[in-house]
Every structure is written in C-alpha cells, then in structure tokens.
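Student: Kindly return the folded structure for what I paste below:
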Amino acid sequence: MHMADALLSPAVGATFWAGTIGTIGYASRKLRKHLDDRKVPLMGVLGSFIFASQMINFTIPGTGSSGHLGGGMILAVLLGPHAAFLVMASVLTVQALFFADGGLLALGCNIWNLGIYPCFVAYPLVYKPLAGDGRSARRIFIASLAGGVVGLQMGAFSVVVQTLLSGKVSLPFTTFLFVMQPIHLAIGIVEGFVTAGVIQYVLATRPEILEPDTASPLAAGTSFRNVLIGFLALAIVTGGALSWFASAYPDGLEWSIGKVTGKGVPPVRDRGVTAALKGVQEKTALLPGYGFKSTANQPKTKGEAPSWPAVDAGTSLSGLIGGILVLGVALAVGRAVRAFRGKGTRNPA
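Tutor: Reported below is the predicted structural model:
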C-alpha cells in the first residue's frame with residue numbers, strides 16, 4: 001500500500017507531510033514519559049523484522065494480486081502506539097530513500113496510512129478492548145484479526161481519499177473504493193493471522209513485553225535476549241532468503257489501479273516539486289526496487305513470465321542492508337528520545 005508520487009498533488013503530499021511530522025513530535029513527547037531503556041533495542045530489532053517482512057508479497061488467491069504485511073499492529077502491541085509509530089516512520093523512510101519503495105512526496109501519506117491507523121486507532125480502540133488482559137490465546141487471535149482488518153481498511157480508504165483530493169489520476173471514487181477495500185480486507189486477514197502468531201510467541205517467552213505502556217521496567221534475564229535474537233534472526237532470514245519467494249503479482253494498490261484504469265500506476269510527468277523529489281530519490285536509492293541498479297529497470301521480454309522463486313543477490317543484499325539501516329535508525333530514535341527525557345528531568349543547579 002505504498003503510494004507513488006504520481007498519485008499525489010504537491011498540496012496533498014505536503015499536508016500529510018505536515019500531519020506526519022506533527023505526529024512524530026507528539027509521539028516523541030509522549031514516549032519520553034514511559035520509555036523503558038531496555039525496549040530501545042527492541043525498537044531496532046522489530047523495525048528490522050517489519051522491514052524484511054514487508055519485502056515478502058504473498059499472493060491473494062483468485063485475484064492476480066498480492067499483499068504484504070503492514071506491521072503496525074505488531075509494533076503497537078509490543079512497543080505501545082507511540083514507539084510503534086516512530087519505528088514505522090523509520091521503516092518507511094528507509095524504504096523510500098534507499099530502495100525507492102514509495103515516493104518521497106508520498107512519504108508523509110504512507111507513514112500516515114500505515115502508521116496512524118494501526119497505532120492510534122485500531123490498537124487502542126479495537127485490539128486492546130478485545131484482547132483484554134492479553135493472556136487469552138483466543139482473545140489475542142480475535143483482537144489481532146479485527147485490528148489488522150480495521151487498520152488496513154482505514155489505510156486503504158485513506159489512499160482512495162488522498163488520490164481523489166489530488167486529482168492527478170482519473171479514478172472514479174466509488175469504483176476505486178469498491179476495488180481497494182475488498183482486496184485489502186484479504187490482506188488484513190492475513191496480517192491478523194501473522195500478528196496473532198507473533199504475539200503468541202512473545203506471550204510464551206516474555207509476557208511482560210505485552211504491557212508496553214506500563215512504567216515498570218523489564219526485568220533482566222536471558223529470555224529477553226532470546227526474544228531480541230529471535231526477531232533479529234527472523235529479519236536476517238526473511239530479508240536475505242525468504243524475500244526470493246515474494247509473489248510476482250502487483251500489490252493491492254497497483255492491482256486496484258489496474259482494475260479501474262486498465263493500466264498500472266501512471267508515470268510521474270510533473271515538473272517542480274515532484275520532479276525535484278524524484279531526482280533526489282534517484283540519487284539516494286542505492287538499491288532501487290530492492291535490486292542492483294543495473295537490473296532494476298531492465299525491461300522484460302514481451303510475454304516473459306517472472307521467475308519464481310526469484311533467487312537474486314541484489315534482493316538478499318537489499319534485505320540485509322535495509323534491515324541494518326532500519327535497526328540503526330530506530331535505535332537512534334529511541335536513544336534520542338531517552339536523551340531528551342534525561343534533559344527534561346534534570347534538576348537545575
């Protein structure tokens with residue numbers, strides 16, 4: 001559900017950039033009050049895991065489309081909404097800058113759609129009431145499924161609205177909406193199953209992590225290191241090897257646009273801000289499309305079916321480098337919040 005710049009006007013892109021920056025500031029201020037130092041490394045490791053997971057598109061049977069994990073609900077449950085939002089912003093920023101996954105003009109919209117709704121709407125209003133005390137496997141499954149669906153449905157609806165407000169692409173609102181929502185319902189269901197599985201793993205190994213908003217610190221212990229190592233190992237395996245098995249079908253957004261227009265996402269033809277940002281992205285994206293530049297834009301022979309699994313060194317390198325970058329950015333964010341917290345609580349001499 002990563003939007004391209006071609007769908008957005010500069011005014012809409014700038015508006016959601018402003019909203020996203022404001023939310024980052026709000027989340028940072030709130031996080032200063034209850035950030036447990038031991039959860040800073042968890043922010044980095046989970047960010048790497050979500051980055052790698054988003055590289056794997058899974059096929060939606062009978063549609064010719066695919067979807068990928070959003071990950072906002074997993075982050076919100078394990079980190080709390082404020083830290084989760086900052087980690088999601090880190091993931092999407094690394095994707096846009098270094099892998100050209102989603103446009104730079106659209107980055108504010110993408111952080112909003114994949115971060116705001118799961119972290120600040122679906123988690124507190126859907127997941128928490130349904131999960132209760134977080135100890136029942138059945139309630140966790142129901143809450144994860146409902147939260148995943150609601151978060152993705154709201155994000156998909158937001159994409160439709162943002163595209164309509166931009167007016168750059170001729171997509172009838174009702175038709176686009178009725179195509180986008182069902183395909184993202186299917187993606188949300190898969191996300192719910194994955195979320196439930198991840199939470200059950202943490203519940204079995206380190207249940208106090210599932211209380212992210214409490215002020216009590218995590219107790220020291222080998223099991224916490226095991227959780228970190230487990231997620232880091234999953235990130236390495238997923239980004240380095242399982243990413244070869246990603247579906248070759250277009251994702252839900254691209255598929256929806258194709259269904260409505262008969263074509264894919266239109267190319268960016270703008271001058272001004274959009275063209276300038278595209279130029280910046282072309283310089284920063286070292287591995288565009290999660291592959292080497294020499295092959296990323298190489299046209300396929302007409303009628304040639306994409307290979308599967310797509311065993312590719314560029315994909316593996318992208319998964320590993322991206323995971324390291326997100327790990328570093330998320331750790332830096334957590335440490336910056338912790339440092340400002342220290343300054344804010346220091347008594348004057």
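
Student: burial of His291, as a residue count?
Tutor: Careful, residue 291 is Gly and not His. Using other Cβ atoms under 10 Å, Gly291 has 20 neighbouring residues. For every residue, glycine as well, the C-beta is placed using N, CA and C.

Student: scratch that, Gly25 is what I was asking about
Tutor: When counting by other Cβ under 10 Å, one arrives at 10 neighbours for Gly25.

Student: Phe231 too?
Tutor: With other Cβ under 10 Å as criterion, Phe231 counts 23.

Student: likewise Asn226?
Tutor: 12.

Student: got a list of what it touches?
Tutor: Going by Cβ atoms under 8 Å, 6 or more residues apart in numbering, Asn226 touches Thr205.

Student: Same check on Val126?
Tutor: The neighbours of Val126, taking Cβ under 8 Å, 6+ apart as the test, are Ala143, Ala146, Gly147, Val150.

Student: How much space separates it from Ala235?
Tutor: Distance from Val126 to Ala235, counting by Cβ to Cβ, to the nearest Å: 27 Å.

Student: Show me the contacts of Val126 that map onto helices.
Tutor: Counting by DSSP state H, the contacts of Val126 place Ala143, Ala146, Gly147, Val150 in helices.

Student: Verify the contact between the first one and Leu130 for me.
Tutor: What it means is Ala143. Yes - assessed by Cβ atoms under 8 Å, Ala143 is found in contact with Leu130 at 3.7 Å.

Student: ok, the two, which is more surrounded?
Tutor: Ala143 (27 against 16).

Student: Show the contacting residues for that one.
Tutor: Contacts of Ala143 by Cβ under 8 Å, 6+ apart are Val126, Tyr127, Lys128, Pro129, Leu130, Ala131.

Student: all helices for the stretch 201-349 of the chain, in order.
Tutor: Assigned by DSSP state H, counting those that start in this stretch, the helices in the stretch 201-349 of the chain fall at 222-240, 252-261, 273-284, 293-296, 313-345.

Student: number of nearby residues for Gly151?
Tutor: Using other Cβ under 10 Å, Gly151 is surrounded by 32 other residues.

Student: Going by mean pLDDT, which of the helices of the stretch 201-349 of the chain comes out lowest?
Tutor: Mean pLDDT values for these show the minimum at helix 293-296, a mean of 62.

Student: Could you report the separation of the most centrally placed residue in the chain from Ile56?
Tutor: In the chain, the residue lying closest to the centroid (Cα atoms, centre = their mean) is Gly70, at 4.6 Å. The gap separating Gly70 from Ile56 is 12 Å, by Cβ to Cβ.

Student: what's near enough to touch the residue lying closest to the residue nearest to the centre of the chain once chain neighbours are set aside?
Tutor: In space, Gly70 comes closest to Leu114 once its chain neighbours are excluded; the distance is 5.3 Å by Cβ to Cβ, 6 or more residues apart in numbering. Taking Cβ under 8 Å, 6+ apart as the criterion, Leu114 is in contact with Met1, Gly70, Gly71, Gly72, Met88, Leu92, Gly155.

Student: out of those, who's nearest Lys259?
Tutor: Closest approach between those and Lys259, by Cβ to Cβ: Met1, at 15.3 Å.

Student: any low-confidence regions in the stretch 101-250 of the chain?
Tutor: Scanning the stretch 101-250 of the chain for pLDDT under 70 picks out the ranges 211-222.

Student: what about the strands in it?
Tutor: Counting by DSSP state E, counting those that start in this stretch, the stretch 101-250 of the chain has no strands to list.

Student: number of nearby residues for Phe16?
Tutor: Count around Phe16 with other Cβ under 10 Å applied: 24.

Student: Is it in contact with Cys109, as I believe?
Tutor: Yes - using Cβ under 8 Å, Phe16 is in contact with Cys109, at 4.4 Å.

Student: who wins for neighbours among the contacts of Val126?
Tutor: Highest count within the contacts of Val126 by other Cβ under 10 Å belongs to Gly147, 31 neighbours.
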